[in-house]
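[1] need the 3D shape of this:
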Amino acid sequence: MNILQALFFPPEQPGGVSSMVPYMQDRFTKKGWEMELFYLPKRIRGKGAEEFVFQTFDWTKYAGHPVVDKYIQTYKDYLWWSKLRLQQQKFDLIHAHHPIPALVLQQLFPDTPIIVTLHSSYERELILNGVIPADGPEHRFLTSLYHELETRVGQILTVSYSFRGYLQDYVRDAERIEVVANGFDDRRFRPTPRENKVAQLITVCRLVPAKGLDILLQACAILKEKNIPFVLHIIGDGPIRTELEEMASSLNIYEETIFYGYMLHPEEFMPFFDIFVLPSRAEAFGSVFAEAALCLLALVGTDVGGIAEQIENGRNGLLVPPDDKHALAAALEKLIGDPSFRYQLARSAQERAKKNYSLNRVIRQLSQIYQSYRS
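    Residues are numbered from 1 along each chain as shown. Got it, this is the predicted structure:
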């Protein structure tokens with residue numbers, strides 16, 4: 001089969017999709033499958049001008065709102081680039097990893113089976129980050145796309161049962177959505193023996209309100225007030241970096257906190273630390289938890305979305321309620337003060353991640369799905 005893997009972001013973009021699909025392509029290619037990656041380069045902006053319509057709703061009634069206008073222009077850009085690059089090619093199957101490539105390529109290849117994996121909820125992220133209001137026009141536009149996808153593509157996949165539950169409010173038949181959790185090539189992760197005298201905490205994420213880093217800094221301030229030593233390493237960049245740095249200073253933990261900025265391969269850095277912590281307010285899957293587990297780190301996360309599907313509290317990590325700085329501080333204090341328990345959780349997390357989130361498992365699941373479309 002000749003399969004096109006259609007991404008939205010370039011493969012070097014950090015995150016769950018880019019950390020899986022190129023490795024997935026490599027595995028499939030070694031098994032003799034024909035597979036090509038396609039995406040919209042970052043530099044292509046504002047090139048598309050072709051008008052289009054959706055089948056299930058009129059997007060023009062939402063025009064004039066910045067998020068909608070940007071989304072529609074990106075759709076037009078993806079359409080322009082796809083026509084330029086792909087229209088003379090033929091594929092047996094297209095696997096898209098974002099609504100825009102799924103809908104654009106269905107428009108260009110109406111006779112080619114298309115499946116789409118929904119990796120996250122853009123509208124939920126925008127709401128949590130304070131960009132758009134809940135139930136506003138941008139929210140309604142973005143959630144309308146789910147039924148559009150349901151109508152036009154052959155199959156919808158998603159990365160967690162929690163996210164499938166979220167989608168049921170926006171599609172007609174959520175039971176048709178299949179869950180294929182992200183998978184990782186564990187050869188990328190090299191746990192390192194370590195004896196850190198001071199506990200090293202690490203978080204890896206985009207610096208936006210949805211990730212709850214304000215709660216993490218407040219929890220760390222509580223640790224300092226209790227004279228519990230730690231160092232917090234923050235890998236990532238984003239619009240609230242300056243705000244977080246100022247907050248760390250005002251909480252008197254700036255000396256204990258290191259802001260690294262963007263890093264392409266944080267998994268090469270993570271094995272030298274002790275505890276991975278990310279108090280997200282929402283997470284469709286939370287790929288970085290599986291990556292941290294494969295690096296043999298103890299995990300602390302919030303009881304939301306796909307995080308709660310990866311962590312069984314007290315067995316392979318600790319779960320706390322979102323927006324609860326005291327519960328988060330207590331969980332961190334427990335792990336900092338008990339290295340044996342910390343190591344026990346880390347080993348259990350690593351074993352579970354290898355079993356449940358291996359790339360081999362993803363390859364098996366997707367092979368069965370792809371084979372079902374073989375003519």
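
[2] can you pull out the strands in the stretch 1-150 of the chain?
    All strands of the stretch 1-150 of the chain, identified by DSSP state E, counting those that start in this stretch, fall at 2-6, 34-38, 93-96, 114-118.

[3] in CSV, list those along with distance to Tyr62, mean neighbour count and mean pLDDT.
    C-beta here means a position set from N, CA and C on the backbone, and glycine is covered the same way. Output for the strands of the stretch 1-150 of the chain, formatted as CSV (distance: least, C-beta to C-beta, whole Å; neighbours: other C-beta atoms under 10 Å; pLDDT from 0 to 100):
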stretch, distance to Tyr62, mean neighbour count, mean pLDDT
strand 2-6, 24, 21, 96
strand 34-38, 28, 16, 95
strand 93-96, 22, 25, 98
strand 114-118, 20, 24, 97
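
[4] would you mind giving these as CSV with distance to Gln310 added?
    What follows is these, written out as CSV (distance: least, C-beta to C-beta, whole Å):
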stretch, distance to Gln310
strand 2-6, 24
strand 34-38, 27
strand 93-96, 23
strand 114-118, 18
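
[5] those strands: which one's closest to Leu86?
    strand 34-38 (6.6 Å; C-beta to C-beta).

[6] and the angle from that closest one to strand 2-6?
    On the basis of axes from the mean of the first three to the mean of the last three C-alpha atoms, to 10 degrees, strand 34-38 is oriented at 20 degrees to strand 2-6.

[7] identify all contacting residues around strand 34-38.
    1-7, 11, 21-22, 25, 28-29, 82, 85-86, 101 (C-beta atoms under 8 Å, 6 or more residues apart in numbering).

[8] again, but for stretch 308-321
    Here stretch 308-321 has contacts from 160-162, 181, 279, 285-286, 289-290, 293, 298-303, 307, 327-328, 330-331, 334-335, 345, 348-349, 351-353, 356-357, using C-beta under 8 Å, 6+ apart.

[9] do the same with stretch 359-368
    With contact meaning C-beta under 8 Å, 6+ apart, stretch 359-368 is reached by 20, 23-24, 27-28, 31, 95, 180-186.

[10] pull the contacting residues for Tyr260.
    Counting by C-beta under 8 Å, 6+ apart, Tyr260 has contacts 233-236.

[11] let's see 7 Å
    Contacts for Tyr260 (C-beta atoms under 7 Å, 6 or more residues apart in numbering) come out as 233-235.

[12] same question, Leu297
    Contacts of Leu297 (C-beta under 7 Å, 6+ apart): 270, 273-276, 346.

[13] which of the helices and strands in this structure ranks last by mean pLDDT?
    helix 21-30 (a mean of 90; mean pLDDT, DSSP states H and E).

[14] so which bits of that one are buried?
    For helix 21-30, burial by neighbour count (16 or more other C-beta atoms under 10 Å) applies to 21, 23-25, 27-28.

[15] just the closest of the contacts of stretch 359-368 to His119, please.
    Asn182 (7.7 Å).

[16] quick one: the helices in the chain?
    Counting by DSSP state H, the chain has helices at residues 21-30, 66-86, 99-108, 122-128, 137-152, 161-167, 213-225, 241-250, 287-294, 305-310, 325-337, 339-356, 359-371.

[17] nearest to Val204, out of these?
    Nearest of the helices of the chain (C-beta to C-beta): helix 287-294, 5.1 Å.

[18] go through that closest one and flag the buried ones.
    Neighbour counts over helix 287-294 (16+ other C-beta under 10 Å) mark 287-294 as buried.

[19] could you list the low-pLDDT ranges of the stretch 251-375 of the chain?
    By pLDDT under 70, the low-scoring segments of the stretch 251-375 of the chain are 375.

[20] rewinding a little: tell me which of the helices of the chain sits most buried.
    Sort these by mean neighbour count, taking mean count of other C-beta atoms under 10 Å, and helix 287-294 sits at the top with a mean of 28.

[21] that helix to helix 339-356, inter-axis angle?
    110 degrees.

[22] what distance do you get for the closest residue to Glu245 other than its chain neighbours to Glu123?
    Using C-beta to C-beta, 6 or more residues apart in numbering and skipping the chain neighbours, the partner closest in space to Glu245 is Phe259 (6.0 Å). Counting by C-beta to C-beta, to the nearest Å, the separation of Phe259 from Glu123 is 28 Å.

[23] now Gln200
    For Gln200, the distance to Glu123 equals 35 Å [C-beta to C-beta].

[24] returning to what we had before: looking at the contacts of stretch 359-368, which two lie furthest apart in space?
    Pairwise distances among the contacts of stretch 359-368 were taken by C-beta to C-beta; the largest, 22.6 Å, belongs to His95 and Asp186.

[25] what does stretch 204-224 contact?
    Stretch 204-224 is contacted from outside by 125, 128-130, 203, 230, 232, 235-241, 244, 247-248, 251-253, 256, 266, 277-282, 288, 302, 322-323, 325-326, 328-329, 332-333, using C-beta under 7 Å, 6+ apart.

[26] got the CA positions of it in CSV?
    What follows is stretch 204-224, C-alpha atoms only, in CSV (Å, rounded to 0.1, in the frame of the first residue of the first chain):
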residue,chain,number,x,y,z
VAL,A,204,8.6,19.9,29.5
CYS,A,205,5.8,21.8,27.8
ARG,A,206,4.7,24.9,25.9
LEU,A,207,4.6,27.8,28.3
VAL,A,208,0.9,28.6,28.2
PRO,A,209,-1.8,28.8,31.0
ALA,A,210,-3.3,25.4,30.1
LYS,A,211,-0.2,23.7,31.4
GLY,A,212,-0.7,24.9,35.0
LEU,A,213,2.9,26.1,35.5
ASP,A,214,1.6,28.9,37.8
ILE,A,215,0.4,26.1,40.1
LEU,A,216,3.7,24.3,39.9
LEU,A,217,5.7,27.5,40.9
GLN,A,218,3.3,28.1,43.8
ALA,A,219,3.8,24.4,44.9
CYS,A,220,7.5,24.8,44.7
ALA,A,221,7.3,28.0,46.9
ILE,A,222,5.5,25.9,49.5
LEU,A,223,8.4,23.4,49.4
LYS,A,224,10.9,26.2,49.9
